[in-house]
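Enquirer: Fold the following and give me the result.
(one chain, ligands or ions: 2)
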Amino acid sequence: MGTGPEVNASSTIGGAGSAVDTEIGKAILDMGLATRTEIEFCREQQKQSSDPNQRSLTDLLIENAFITPNQARRIRQALEERKTSQIPGFQLLGKLGKGAMATVYKARQISLDRIVAIKVLPRKMSENPEFVDRFYKEGKAAARLSHNNIVQAIDVGVSPEGYHYFVMEYIEGKTLYDLMQEGHSFSEAEALDIAIQIAEALAHAHQRQLIHRDVKPKNIILTPQGVAKLTDLGLARAADDKLAAEMEAGKAYGTPYYISPEQIRGELDIDFRADIYSLGATLYHLVTGRPPFEGETPAAVMHKHLKQPLIPADHINTALSAGIGEVIDVAMAKKREDRYQSTTDMLEDLKAIRAGNPPIHARRNVDLDALEKVEETGQTVDVPQIVIEESEPEVVRPRASRRQETATPDLRNSKVIAALIVLAVSLIVNAVLIYVILTMPGLA
Ligand SMILES: Nc1ncnc2c1ncn2[C@@H]1O[C@H](COP(=O)(O)OP(=O)(O)OP(=O)(O)O)[C@@H](O)[C@H]1O
Ligand SMILES: [Mg+2]
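Expert: Ligands and ions are numbered 1, 2, ... in the order given. Below is the predicted model of the structure:
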């Protein structure tokens, strides 16, 4: 984690001693960056290493100071672009952006003469057959979706050079991440408008059993007309989510700010509620100007997602309505059972707030949750202990439901005691009356 993009990236193109290494060696030689002897020296080092995870040729060339990290990066870029330009049927027009795991290019689809975006995955991912299988399955599922707020998936394939790619609709606009980086701050109305569009997109995908798993400002593009488009839907993740989150270490903004607790724990049965959490976290960032949890390292941020109570958005930005704070609170509940139990429920609440009304489901969640538990058990429900670590001072704000859970059983106990007293008193009074009647002189 976090050895710097240069060294890491070389190993994503190909393993040590691979065909890619040979190709990189050739390119370095062609460009006159290192001599044949230097390259052979490094190859020899590779061969003699007993480490099964031995370093790639580029890593060794850098270590031996034969080339600089910057030169290595430029070579890899040149090679990658050469490969991508060889995706049959597409003419590469330029790079649109690069994320932690892939590069996105603008391209022309020659047959239809239209502009598309192509996401090219590193070769390393092709080495994992499970991932490749999921990539195609999800790609196919995504291509069947059609929604105005989802970037349309067009095709998946593999280039003759072994690069897996994902062709999608090209969207003109900027990601929410880019807009925030430029200093744009979102009003509650603007943020709600975006969240509603993305919730519509997710509801559409969830109804068709497709989970995004990576909803975040970088994956939402806003067009000049104000249409929010969710990207990367149906793009299988290479590794388990915890690993993917860790892989983002070292990127200025790539820390796992929006990932759900169950994904951090590496649980396998991730469902739509992970997307609900991430949408809540994205909305939190839009309306407060900061991610829900921050920390020095990705591990610190992940720890807070798991353990630290959330400071309500409307406490940070007091201009916000209480309703939006409640919606985010429910969406970002640590336990997924406490979140919205359907994406359309969240959508309805977001729309209610936009119309100036209180959120129906968020409130009902809080109230019913407590009452149901009490009625089921008929006894006091334990208040979960929130452990606050010394290094993370935080305001603990028990949820309203927890307060009710403890208050209601007390009330019930006192009612029972009162009823028992009334019963006992009435029995005594009745007994006395019967005795008096039976012992009256007239009756004897
Ligand atoms: N369909 C598209 N149309 C236009 N631009 C796009 C499209 N998809 C992605 N991009 C651009 O490409 C960039 C890189 O996207 P990519 O999904 O590879 O990484 P990311 O989402 O920014 O981050 P990461 O992969 O690290 O999570 C995006 O930030 C966006 O600017
Ligand atoms: Mg993306």
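Enquirer: Quick check: residues of the chain near ligand 1?
Expert: Selection of the chain residues close to ligand 1 by CB under 6 Å from any ligand atom yields 96-102, 104, 117, 119, 151, 168-171, 175, 218-219, 231-232, 254. Placement of C-beta: from N, CA and C, glycine included.
Enquirer: can you do 8 Å?
Expert: Contacts of the chain with ligand 1, taken as CB under 8 Å from any ligand atom, map to 96-104, 106, 117, 119, 151, 168-175, 177-178, 214, 216, 218-219, 221, 229, 231-232, 235, 248, 251, 254.
Enquirer: Which of the residues you listed fall in helices?
Expert: 177, 178 (DSSP state H).
Enquirer: From the residues of the chain next to ligand 1, list just the buried residues.
Expert: Judged by neighbour count, with 16 or more other CB atoms under 10 Å as the criterion, the buried members of the residues of the chain next to ligand 1 are 101-104, 117, 119, 151, 168, 170-171, 173-175, 177, 214, 216, 218-219, 221, 229, 231-232, 235, 248, 254.
Enquirer: filter these down to the ones near ligand 2?
Expert: 219, 232 (CB under 5 Å from the ion).
Enquirer: So which of the buried ones among the residues of the chain next to ligand 1 are in strands?
Expert: Among those, the ones falling in strands (DSSP state E) are 103, 104, 117, 119, 168, 174, 175, 221, 229.
Enquirer: In a markdown table: those, plus pLDDT.
Expert: A markdown table is the format used below for these (pLDDT from 0 to 100):
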| residue | pLDDT |
| --- | --- |
| 103 | 87 |
| 104 | 92 |
| 117 | 96 |
| 119 | 90 |
| 168 | 94 |
| 174 | 97 |
| 175 | 97 |
| 221 | 98 |
| 229 | 97 |
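Enquirer: Closest one of those to residue 350?
Expert: Nearest to residue 350, judged by CB to CB, of these is residue 229 at 17.5 Å.
Enquirer: what's near enough to touch the closest one?
Expert: Residue 229 makes contact with 149, 150, 151, 171, 173, 201, 220, 221, 222, 223, according to CB atoms under 8 Å, 6 or more residues apart in numbering.
Enquirer: Nearest to residue 430 among these?
Expert: Checking the contacts of residue 229 against residue 430 with CB to CB, the nearest one is residue 201 at 69.5 Å.
Enquirer: So which elements touch the stretch of helix or strand that closest one belongs to?
Expert: Following DSSP states H and E, the helix or strand that holds residue 201 is helix 188-207. If you count contacts as 3 or more CB pairs under 8 Å, 6 or more residues apart in numbering; DSSP states H and E, helix 188-207 packs onto strand 220-222, strand 228-230, helix 272-288, helix 322-331, helix 343-354.
Enquirer: Quick check: residue 67 vs residue 46, distance?
Expert: According to CB to CB, to the nearest Å, residue 67 stands 15 Å off from residue 46.
Enquirer: Can you name the residues bridging to residue 157?
Expert: Partner residues in beta bridges with residue 157: residue 165, with DSSP bridges as the criterion.
Enquirer: Around it, how many other residues sit close by?
Expert: The local packing of residue 157 (other CB atoms under 10 Å) involves 16 other residues.
Enquirer: what does residue 68 give?
Expert: Residues lying near residue 68 (other CB under 10 Å) number 13.
Enquirer: Just to check, it is in contact with residue 74?
Expert: No. No contact is recorded between residue 68 and residue 74 when judged using CB atoms under 8 Å, the distance being 9.5 Å.
Enquirer: residues from the stretch 151-300 of the chain in reach of ligand 2?
Expert: Going by CB under 5 Å from the ion, the residues of the stretch 151-300 of the chain near ligand 2 are 219, 232.
Enquirer: Tell me where the model's unsure across the stretch 151-300 of the chain.
Expert: Residues of the stretch 151-300 of the chain that meet the criterion pLDDT under 70 lie in 236-255.
Enquirer: Kindly report the same for the stretch 301-444 of the chain.
Expert: Within the stretch 301-444 of the chain, the stretches falling below the threshold (pLDDT under 70) are 364-422, 432-444.
Enquirer: let's see 50
Expert: Counting by pLDDT under 50, the stretch 301-444 of the chain contains low-confidence ranges at 373-374, 376-413, 443-444.
Enquirer: quick one: the closest residue to residue 104 other than its chain neighbours from residue 109, how far?
Expert: Leaving aside its sequence neighbours, residue 104 sits nearest to residue 96 (CB to CB, 6 or more residues apart in numbering; 4.5 Å). As defined by CB to CB, residue 96 lies at a distance of 15 Å from residue 109.
Enquirer: ditto for residue 296
Expert: Counting by CB to CB, the gap from residue 296 to residue 109 is 44 Å.
Enquirer: Which one of these two is surrounded by more residues?
Expert: Under the neighbour definition other CB under 10 Å, residue 296 and residue 109 were set side by side, and residue 109 has more, 17 against 8.
Enquirer: That one touches residue 167, doesn't it?
Expert: Yes. Using CB under 8 Å as the test, residue 109 is close enough to residue 167 to be in contact (7.3 Å).
Enquirer: tell me, what's touching those two both at once?
Expert: Both residue 109 and residue 167 are in contact with 90, 116, 154, where contact means CB under 8 Å, 6+ apart.
Enquirer: Helix, strand, or coil at the last one?
Expert: Yep, that's residue 154 we're talking about. Taking DSSP: H, G, I helix; E, B strand; the rest coil as the rule, one finds residue 154 in the strand state.
Enquirer: Just want the residue of the stretch 301-444 of the chain that's nearest ligand 1.
Expert: Among the residues of the stretch 301-444 of the chain, residue 301 lies closest to ligand 1, at 14.9 Å counting by CB to the nearest ligand atom.
Enquirer: wait, what's in contact with that residue?
Expert: For residue 301, the contact set (CB under 8 Å, 6+ apart) comprises 255, 256, 257, 291, 293, 294, 295.
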